[in-house]
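>>> my questions are about this predicted structure, shown below with the sequence.
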Amino acid sequence: MELNYNINEDYNKLKISDLNKRLEKVKLGGGKARIEKQHTKGKLTARERINYLLDPKTKSIEIGAFAGEEMYQKQGGCPSGGVVVKIGYVSGKQSIVVANDATVKAGAWFPITAKKNLRAQEIAMENRLPIIYLVDSAGVYLPMQDEIFPDKEHFGRIFRNNAVMSSMGITQIAAVMGSCVAGGAYLPIMSDEALIVDKTGSIFLAGSYLVKAAIGETIDNETLGGATTHCEISGVTDYKAKDDKDALDTIKNIMEKIGNYDKAGFNRVKPSKPNENPEDIFGIIPKSRADQYDMLEIIKRLVDKSEFEQYKEGYGKTILTGYARIDGWAVGIVANQRKLVKTKKGEMQFGGVIYSDSADKATRFIANCNQKKIPLVFLQDVTGFMVGSKSEHGGIIKDGAKMVNAVSNSVVPKFTVIIGNSYGAGNYAMCGKAYDPRLIVAWPSAELAVMSGNSAAKVLLQIETASLKKQGKKITPEVEKELYDKIKARYDEQVSPYYAAARLWTDAIINPLDTRTWISMGIEAANHAPIEKKFNLGVIQV
């Protein structure tokens, strides 16, 4: 056991090292040369602006750091989707901050940029969090306008959300700290209050070149839409700032005066650290995604005092359910048990597989948490639902459907942590992205796909070899192995947590040691939004 622990620990800590290196690269945005260019203009970078705005020595979490990774290579890349999004504290108020990164294509909007901005607004709306926009963008990236302009979840949805949030009473503050052109000009002006930085900020529907081409008028950009114009002539903006820091100080002053919020009322006591060492997680999580381990040992290293009150401990053992606290917050945990378990009838059940009894148990527990107003935390390491005649005759589809129904209709906030496997319908039942978790994060050990790389490669190999044989080609063992390796390599790239994070299927890839912070800040955010709906499973087959 000690040998496996050491092997696992070395392997997982190397993954953390890789995560940290990737994050450092992402934080450079468009590169050091473009950062220096930003500084020569007297401007801070997006990350510098956020760091200055957030309260010092307080925690923050970043949404979508890996958005766009390796997705736009022909266009020169789009690190972090060209926008930085963080949840943190401004003048003591938990807020979400969205800052365009002008070092990446002058802050132009790629399709993933729009998706990330919409995710930030979704978080603000779900949790009724104040949202602050730090605008510095050249507008839509025109070569890809067909992928960002006209559809429901494209660029225009941003302004629709501005209007909806305003009607919901969610504070929106925008500071124009660089370019703000065309349709993008509506974002700050649809916010509650708008600031503009003198000489570097500008807002207009069409720049000076387009104005000249369209109506023949000759005018410079500063006169057309600079700070003096909009603060003293048009009245479009509310405050003129002398530089970036002055604008950010003004935002701090505004935020400092905001009144308190109605709370959802989730239970919290004084936080306690886990009794078990969280660092042990690196030795417990196996190197191979196929290997078994005890999820209970992971839970003990995530929850306060390592205390976990199990619900129906002896029933449906491939899912662990129970009550605990994370950073003082009361939570209900639904976790896939990854070790082989024995039923009371003496039957063995595979770890990570959802059986009828475990689905039934999870459904009841989710209902209980909704009744008691306890947020839910899903710890995913699931290969799917049990298959075969015995399971089908036992009604696995019906029991699985009940669990999915309970997850779908849950009204308490849900948080999902993908620890290992997240395959097929198991992803859905354990509150995957489609089921509206308030936050969803992955550890570097995570894999997201319809099925594992090995299984998928074998299926795809059968299809490929059958096709080649029909063409009269001879398939030798060597050719078959070459095909298998090629297919598996392609599939393995897609199951990587970085592939998922690039597309915002998850909000972040995190160090397991940061899990408590993410869940705690997530529940604190959710506490801003009182629950207005009642839990109702609707029509289900009992």
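Done, it's in. Numbers count the residues shown, from 1 in each chain.
>>> helix or strand with the lowest mean pLDDT in this structure?
Among the secondary structure pieces of the chain, namely its helices and strands, helix 389-393 has the lowest mean (mean pLDDT, DSSP states H and E), a mean of 71.
>>> buried ones in that helix?
When neighbours are counted by 16 or more other C-beta atoms under 10 Å, the buried residues of helix 389-393 are found to be residue 391. Any C-beta I mention is one placed from the backbone N, CA and C, and that applies to glycine too.
>>> repeat for stretch 138-147
Within stretch 138-147, judged by 16+ other C-beta under 10 Å, the buried ones are 138, 139, 140, 141.
>>> then stretch 12-27?
Using 16+ other C-beta under 10 Å as the burial criterion, the residues of stretch 12-27 that qualify are 12, 15, 16, 19, 22, 23, 26.
>>> so what's residue 25 up against?
Listed by C-beta atoms under 8 Å, 6 or more residues apart in numbering, the contact partners of residue 25 are residue 79.
>>> repeat the analysis, applying 10 Å as the threshold.
31, 69, 79 (C-beta atoms under 10 Å, 6 or more residues apart in numbering).
>>> how about residue 202?
Contacts of residue 202 by C-beta under 10 Å, 6+ apart are 176, 178-181, 185, 196, 208, 221-222, 224-227, 229-230.
>>> again with residue 189
Residues in contact with residue 189 (C-beta under 10 Å, 6+ apart) are 159, 162, 174, 176, 180, 203, 230, 236, 237, 238.
>>> mind running it again at 8 Å?
Applying C-beta under 8 Å, 6+ apart, one finds that residue 189 lies in contact with 174, 203, 236, 237.
>>> how about it, phi and psi?
Note on residue 189: its backbone torsions stand at phi -80, psi -20 [degrees, to the nearest 10].
>>> how close does it get to residue 177?
When distances are taken as C-beta to C-beta, to the nearest Å, residue 189 and residue 177 turn out to be 15 Å apart.
>>> ok, now residue 530?
According to C-beta to C-beta, residue 530 and residue 177 sit 34 Å apart.
>>> those two: who's more crowded?
residue 177 (29 against 11; other C-beta atoms under 10 Å).
>>> tell me if I am right that the more buried one is in a helix.
No - the secondary structure assignment for residue 177 gives strand rather than a helix, going by DSSP: H, G, I helix; E, B strand; the rest coil.
>>> was I right to think it contacts residue 198?
No - taking C-beta atoms under 8 Å as the definition, residue 177 is not a contact partner of residue 198, at 10.7 Å.
>>> give me the low-pLDDT residue ranges for the stretch 351-500 of the chain?
Counting by pLDDT under 70, the low-confidence segments of the stretch 351-500 of the chain come to 393-394, 453.
>>> just the helices from it, written as ranges.
Counting by DSSP state H, counting those that start in this stretch, residue ranges of the helices within the stretch 351-500 of the chain are 356-372, 389-393, 396-409, 424-429, 453-470, 477-495, 497-502.
>>> what about the contacts of residue 202, which are in helices?
When the contacts of residue 202 are checked against helices using DSSP state H, the ones located there are 208, 221, 222, 224, 225, 227.
>>> OK, contacts around residue 536?
residue 409.
>>> mind checking how far it is from residue 181?
When C-beta to C-beta is the yardstick, residue 536 and residue 181 sit 46 Å from each other.
>>> now residue 234
When residue 234 is compared with residue 181 (using C-beta to C-beta), they lie 15 Å apart.
>>> quick one: which of those two has more around it?
Under the neighbour definition other C-beta under 10 Å, residue 234 and residue 181 were set side by side, and residue 181 has more, 19 against 10.
>>> where does the stretch 151-300 of the chain dip in pLDDT?
The stretch 151-300 of the chain contains residues with pLDDT under 70 at 183.
>>> so what's residue 126 closest to, chain neighbours aside?
Distances taken as C-beta to C-beta, 6 or more residues apart in numbering put residue 438 closest to residue 126, at 6.1 Å, once the chain neighbours are dropped.
>>> was I right to think the one you found contacts residue 128?
No - assessed by C-beta under 8 Å, residue 438 is found out of contact with residue 128, at 11.8 Å.
>>> and the residue nearest to residue 126, its phi and psi?
Backbone torsions of residue 438, given as degrees, to the nearest 10, read phi -60, psi -40.
>>> what of residue 526?
Backbone torsions of residue 526, given as degrees, to the nearest 10, read phi -60, psi -30.
>>> dump the residue contacts of it.
Going by C-beta under 8 Å, 6+ apart, residue 526 touches 126, 127, 264, 266, 375, 413, 438.
>>> wait, doesn't the third one sit right on residue 524?
Think residue 264. No - with contact defined as C-beta under 8 Å, residue 264 does not count as touching residue 524 (10.4 Å).
>>> tell me, how many residues neighbour residue 472?
Neighbour count for residue 472, taken as other C-beta under 10 Å: 6.
>>> please apply the same query to the one 4 residues further on.
Residues lying near residue 476 (other C-beta under 10 Å) number 9.
>>> residues touching residue 454, list them.
Here residue 454 is in contact with 290, 488 (criterion: C-beta under 8 Å, 6+ apart).
>>> what ranges do the helices span in the stretch 51-200 of the chain?
According to DSSP H, counting those that start in this stretch, the stretch 51-200 of the chain carries its helices in the segments 111-127, 156-168, 186-189.
>>> so which of those is nearest residue 505?
With C-beta to C-beta, the closest approach to residue 505 among the helices of the stretch 51-200 of the chain belongs to helix 111-127: 10.5 Å.
>>> quick one: the closest one to helix 156-168, angle?
On the basis of axes from the mean of the first three to the mean of the last three C-alpha atoms, to 10 degrees, helix 111-127 is oriented at 20 degrees to helix 156-168.
>>> who are the packing partners of helix 111-127?
Contacts of helix 111-127 with other secondary structure elements, assessed using 3 or more C-beta pairs under 8 Å, 6 or more residues apart in numbering; DSSP states H and E, are made with strand 61-63, strand 83-90, strand 93-100, strand 131-137, helix 156-168, helix 515-526.
>>> report back the residue of this structure that's furthest from centre.
When distances to the mean C-alpha position of the chain are computed (C-alpha atoms, centre = their mean), the maximum falls on residue 472, with 47.9 Å.
>>> so who does residue 422 touch?
Contacts were defined as C-beta under 8 Å, 6+ apart; by that measure residue 422 touches 380, 381, 382, 430, 432, 442, 446, 447, 448, 449.
>>> hmm, I was thinking of residue 211
With contacts taken as C-beta under 8 Å, 6+ apart, residue 211 has the following neighbours: 217, 219, 224.
>>> kindly report the same for residue 469.
Residue 469 neighbours (C-beta under 8 Å, 6+ apart): residue 475.
>>> re earlier: quick one, which of the contacts of residue 25 are buried?
In the contacts of residue 25, burial by neighbour count holds for 69, 79, counting by 16+ other C-beta under 10 Å.
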